[in-house]
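Asker: the following block contains a protein sequence and its predicted model.
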Amino acid sequence: MAHLIAYVDGFNLYHGLHGKYRHRYLWLDLVALTRSLRPRDELVKVKYFTASVMNDPSALSRQETYLQALAAHCGTQIEIVMGRYQSKEARCRSCGATWTRYEEKETDVNIAVSLVADIATKAMDSAVIISADSDLSPAVRTARALAPGAHIVAAFPPARFSHELKRIMPASFTIGRAKFSGAQLPRTVTDPLTGHALERPRKWAAEAVPPPRQNTEAPSRPRTHTC
């Protein structure tokens, strides 16, 4: 039986889910999702790479509640790896307008380092990368060169796709709605250590799902300015 580690790009997954389903499936059990994607493998760990939301206290509070619930419910099978956001001034070449944008830093590097290290130390021989970020391609090529027999696949979030990842992997697919709906955390998660009850944010309650959007190559960041 293959030993599986999942590498979850939090930014890519969140924006894919939110773009297609809004808040409906954000209260996501990543361990249950991974098991549904690779049911025949023995799950070693799910590694979730994300960064704290900036300049939006309400969104940050929801994110922190989710991370706490994820850790409480999944225990040692989840590892949360935090990157960071960095502010940067941007200027429109057409009209000269300036604005502050936030770039997520370290996530793709953290995923790449972790994937290659796990292959090199034989921590796993099966990997699923939940992302459509083509910046991960060099790490995937390196991992496959180090362990040609390892099975590494890409699972694309909704409305996200990478031709490059698809090209260099033996298998890739887009995660369907049924996988997300079948892998939700309980509405209330109780921390086994503190007894604290963690409630799904009200904003993340089930709601009407908008019409599906056509899959596109995942952008590095959403646009924040139009002329």
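Answerer: The structure has been received and is ready for your questions.
Asker: Thr188 and Ala197: what is the separation?
Answerer: Thr188 is 5 Å from Ala197, where distance means C-beta to C-beta, to the nearest Å. Every C-beta, even on glycine, is put in place using the N, C-alpha and C of the backbone.
Asker: and for Val81?
Answerer: Applying C-beta to C-beta to Val81 and Ala197 gives a distance of 26 Å.
Asker: neighbour count for those two, which is higher?
Answerer: Val81 (18 against 11; other C-beta atoms under 10 Å).
Asker: one step back: what touches both of Thr188 and Ala197?
Answerer: Counting by C-beta atoms under 8 Å, 6 or more residues apart in numbering, Thr188 and Ala197 have no contacts in common.
Asker: tell me which element the residue sitting furthest away from the middle of the chain falls in.
Answerer: Relative to the centre of the chain, the most outlying C-alpha is that of Cys95, 34.8 Å out, by C-alpha atoms, centre = their mean. For Cys95, there is no host helix or strand (DSSP states H and E).
Asker: mind checking which helix or strand of this protein has the lowest mean pLDDT?
Answerer: Across the helices and strands of the chain, mean pLDDT, DSSP states H and E gives its lowest value to strand 98-105, namely a mean of 59.
Asker: show me what counts as buried in the longest helix anywhere in the chain.
Answerer: Ranked by residue count and defined by DSSP state H, the top helix of the chain is helix 57-74. Across helix 57-74, burial judged by 16 or more other C-beta atoms under 10 Å covers 62-63, 65-74.
Asker: same deal with stretch 142-159?
Answerer: Neighbour counts over stretch 142-159 (16+ other C-beta under 10 Å) mark 143-144, 147, 150-159 as buried.
Asker: just the C-alphas of that stretch, formatted as PDB.
Answerer: Extracted as PDB, the C-alpha positions of stretch 142-159 are listed here (Å, rounded to 0.1, in the frame of the first residue of the first chain):
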ATOM      1  CA  THR A 142      12.900  17.200  -9.000                       C
ATOM      2  CA  ALA A 143      10.800  14.900  -6.900                       C
ATOM      3  CA  ARG A 144      10.100  12.700  -9.900                       C
ATOM      4  CA  ALA A 145      13.800  12.600 -10.800                       C
ATOM      5  CA  LEU A 146      14.700  11.600  -7.200                       C
ATOM      6  CA  ALA A 147      12.000   8.900  -7.000                       C
ATOM      7  CA  PRO A 148      10.800   7.800 -10.500                       C
ATOM      8  CA  GLY A 149       8.500   5.200  -8.900                       C
ATOM      9  CA  ALA A 150       6.600   7.700  -6.800                       C
ATOM     10  CA  HIS A 151       3.100   8.500  -7.800                       C
ATOM     11  CA  ILE A 152       2.600  12.300  -7.800                       C
ATOM     12  CA  VAL A 153      -0.700  13.700  -9.100                       C
ATOM     13  CA  ALA A 154      -2.300  17.200  -9.300                       C
ATOM     14  CA  ALA A 155      -5.800  17.700  -8.000                       C
ATOM     15  CA  PHE A 156      -7.000  21.100  -9.400                       C
ATOM     16  CA  PRO A 157      -9.400  23.300  -7.300                       C
ATOM     17  CA  PRO A 158     -12.600  24.500  -9.100                       C
ATOM     18  CA  ALA A 159     -12.000  27.100 -11.800                       C
END
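Asker: chain center to it: distance?
Answerer: 15 Å (C-alpha atoms, centre = their mean, to the nearest Å).
Asker: the helices in the protein, which residues?
Answerer: Ranges of helices in the chain, per DSSP H, are 10-21, 30-37, 57-74, 107-120, 137-146, 163-168, 177-181.
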